[in-house]
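Trainee: please find the sequence and the predicted model below.
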Amino acid sequence: MYSEDILKRLPAELSGKLETAVLLWMPDPTQRDAKILIDALSPDCIDLEAVTEVRCSQTSLQLQTLKQIYHSTFGTYLEHDIEQQASGDHQKDAKALYKAGEKTLGTDEKVFVKIFSERSNAQLIAINTCYHDMYDGSLKRVIKKETSGLFEHALLTILQCAENPAKYFAKVLYKSMQDLGTNDTTLIRVIVTRTEINM
């Protein structure tokens, strides 16, 4: 109607956190997630918790679409960028888990990776219920006991999003507003990305 791109007009009319929130709101959800990921994987400001949150809260189909959009938009593969920015931490966590698990506690992190990456949300919930019934303990407790760092965070995010994504994101929001200063990036990201899903 006005021969003008609204995405170019908005920055001229808005500023600060409101501008950040509105501009994050404008793209379709998959484009928005791709933008969040490219920003979170920037060497200047790596935010692996944001990467984990976006990747681990999606279904396999959503993730496949996201990978395609990420590649077509930025000309690079999502998995490659994650590996470039996060491989050191993930490998360190995996090696620590391997040494602690197989050598002393009998934990095999490959089993965790296989189950958590290949099972649906409903299957993970059923597995958690069976585990609790059989061994009188939750998978959440086992993850906290047997893993650490970003690997622990990824497994807990997958499990909690399978069980109750609204509760998980409520905790993320609460945590973002608890310390001396609000973590505006997390607050805006969660509100914008979850508003039409389960806000």
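Mentor: Nice, thanks for sending it over.
Trainee: double-check Pro27 against Lys35; I have them as touching.
Mentor: Yes: in this structure Pro27 lies within contact range of Lys35 using C-beta atoms under 8 Å: 6.6 Å. Using the backbone N, CA and C atoms, a C-beta is placed for each residue, glycine as well.
Trainee: give the contact list for the residue lying closest to Leu156 once chain neighbours are set aside.
Mentor: Computed as C-beta to C-beta, 6 or more residues apart in numbering, the closest residue to Leu156 that is not its neighbour in sequence is Ile143, at 5.7 Å. Residues in contact with Ile143 (C-beta atoms under 8 Å, 6 or more residues apart in numbering) are Phe112, Glu152, Leu155, Leu156, Leu159.
Trainee: try it again with 7 Å
Mentor: Glu152, Leu155, Leu156, Leu159 (C-beta atoms under 7 Å, 6 or more residues apart in numbering).
Trainee: out of those residues, who has the most neighbours?
Mentor: Tallying neighbours with other C-beta atoms under 10 Å puts Leu155 at the head of these, with 25 neighbours.
Trainee: and stretch 115-123, end to end?
Mentor: Separation of the first and last residues of stretch 115-123 by C-alpha to C-alpha, to the nearest Å is 9 Å.
Trainee: got the CA coordinates for whatever helix or strand Arg141 lives in in PDB?
Mentor: Here Arg141, judged by DSSP states H and E, is contained in helix 139-146. The C-alpha trace of helix 139-146 is given here as PDB (Å, rounded to 0.1, in the frame of the first residue of the first chain):
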ATOM      1  CA  LEU A 139      15.900 -39.400  34.200                       C
ATOM      2  CA  LYS A 140      16.400 -35.800  35.300                       C
ATOM      3  CA  ARG A 141      18.200 -36.900  38.400                       C
ATOM      4  CA  VAL A 142      20.300 -39.300  36.400                       C
ATOM      5  CA  ILE A 143      21.300 -36.600  33.900                       C
ATOM      6  CA  LYS A 144      22.300 -34.300  36.600                       C
ATOM      7  CA  LYS A 145      24.300 -37.000  38.300                       C
ATOM      8  CA  GLU A 146      26.000 -38.500  35.300                       C
END
